[in-house]
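Trainee: fold the following for me, if possible:
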Amino acid sequence: MFWRSLVVACLLVVGTSSACFAYSDEVEWLRNQSFNACKNYYVWRLIDNYFPDAQWESGWSDQGDYIVNVYGTMNFKGRDVTAQLQFTIDPKRGKFDMNALEFNGSPQPKEMRTELIKAMCADVQ
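Mentor: Numbering: from 1, shown residues only. All right, here's what the predicted structure looks like:
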């Protein structure tokens, strides 16, 4: 009787804890896409390689797009910065766009987004 209760308790702990780490369907979809500039790798592979501490957050915008924010630390010009990458997923088109990049809260130009994707692609192992 004791062992059966122990097994049931372990299964409940594993089942409830794994749900805490699950991504939404939209985030999973984005993670398994590729950038046009780097078709050989999934988005998750590039981000996890470049930002070992990456955190993914998501939700719907008022315009009906799904927003995914990724936060992580990276080295930029010789110092560590907290980067935020923002993606939108348009469910009607079935496509995503990287529409924002910030370093320590400062917005970066579109050219910097392009360069970051190129650098992430060149750096993947």
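
Trainee: all contacts plus neighbour counts: C-alpha atoms, from now on.
Mentor: Fine.

Trainee: the protein: helices as residue ranges?
Mentor: Using DSSP state H, the helices of the chain run over residues 2-20, 25-31, 43-50, 110-123.

Trainee: centre of the chain to the last one, how far?
Mentor: The one in question is helix 110-123. Computed by CA atoms, centre = their mean, to the nearest Å, the chain-centroid distance of helix 110-123 equals 15 Å.

Trainee: now it: buried residues?
Mentor: Residues Arg113, Ile117, Met120, Cys121 are the ones in helix 110-123 that count as buried (16 or more other CA atoms under 10 Å).

Trainee: settle this for me: Ser34 is touching Asn40, isn't it.
Mentor: Yes - applying CA atoms under 8 Å as the test, Ser34 and Asn40 come out as touching, 7.4 Å apart.

Trainee: higher neighbour count, these two?
Mentor: Set side by side, Ser34 and Asn40 show more neighbours around Ser34, with 17 against 10, by other CA atoms under 10 Å.

Trainee: for the more buried one, what are its contacts?
Mentor: By CA atoms under 8 Å, 6 or more residues apart in numbering, the residues touching Ser34 are Asn40, Tyr41, Tyr42, Val43.

Trainee: count of neighbours near Trp60?
Mentor: Neighbour number of Trp60 under other CA under 10 Å is 12.

Trainee: test of understanding: give the bridge partners of it.
Mentor: Trp60 has these beta-bridge partners by DSSP bridges: Tyr66.
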